[in-house]
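Participant: Take a look and give me a structure for this.
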Amino acid sequence: MSRYSRDKVDIGETLARVLRTLSKALPLGRPLRALSVGSSTEPQFRILEANFRGGLCPLDVERAALGVIRERIRRQWLTHVFPLRHDYTKVFLDRDDGSTGFRMGRDRGLQSGSRWPS
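Facilitator: Numbering: from 1, shown residues only. This is a model prediction of the structure:
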């Protein structure tokens, strides 16, 4: 979570620019997929959820933060959100452990372990 309010504004502005760029560059009917690292309780989760209808994986180490997401999934029937509880520093920085890492596949998008959650 951002400690300073200006950080949140900067993150929101950057996210808006990225989404605008993607929407201009990609076909309108193409569902987008994303991995969101550590922002499960941040306000931008709602923006991400609405824009990445092809699949959104919030990755967070905090059990409580993912609990909020799971409750929202249940309450709003969100079938495209797949919360993942991992420490991103271990997932992305441990080069010896390929079994817990993430990879991008051209045909399936973001994948956890061996396949994109279905």
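Participant: Quick check: buried residues in the helix ranked longest in the chain?
Facilitator: Taking DSSP state H as the criterion, the chain has its longest helix at helix 5-25. The neighbour-count check on helix 5-25 (16 or more other CB atoms under 10 Å) flags 15, 19 as buried. No exception for glycine: its C-beta is placed from N, CA and C like everyone else's.
Participant: and it, what does it pack onto?
Facilitator: Secondary-structure packing of helix 5-25 (3 or more CB pairs under 8 Å, 6 or more residues apart in numbering; DSSP states H and E): helix 44-51.
Participant: How about residues contacting the helix it packs on?
Facilitator: 11-12, 15-16, 19, 32, 34, 36, 39, 56, 58, 69, 78, 80-81 (CB atoms under 8 Å, 6 or more residues apart in numbering).
Participant: Helix 5-25 and that helix, what's the angle between them?
Facilitator: 10 degrees (axes from the mean of the first three to the mean of the last three CA atoms, to 10 degrees).
Participant: got the CA positions of helix 44-51 in CSV?
Facilitator: What follows is helix 44-51, C-alpha atoms only, in CSV (Å, rounded to 0.1, in the frame of the first residue of the first chain):
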residue,chain,number,x,y,z
GLN,A,44,-6.9,0.9,-8.6
PHE,A,45,-8.1,-2.7,-8.2
ARG,A,46,-11.6,-1.6,-9.4
ILE,A,47,-10.1,-0.1,-12.5
LEU,A,48,-8.0,-3.2,-13.2
GLU,A,49,-11.0,-5.5,-12.6
ALA,A,50,-13.1,-3.5,-15.1
ASN,A,51,-10.5,-3.4,-17.8
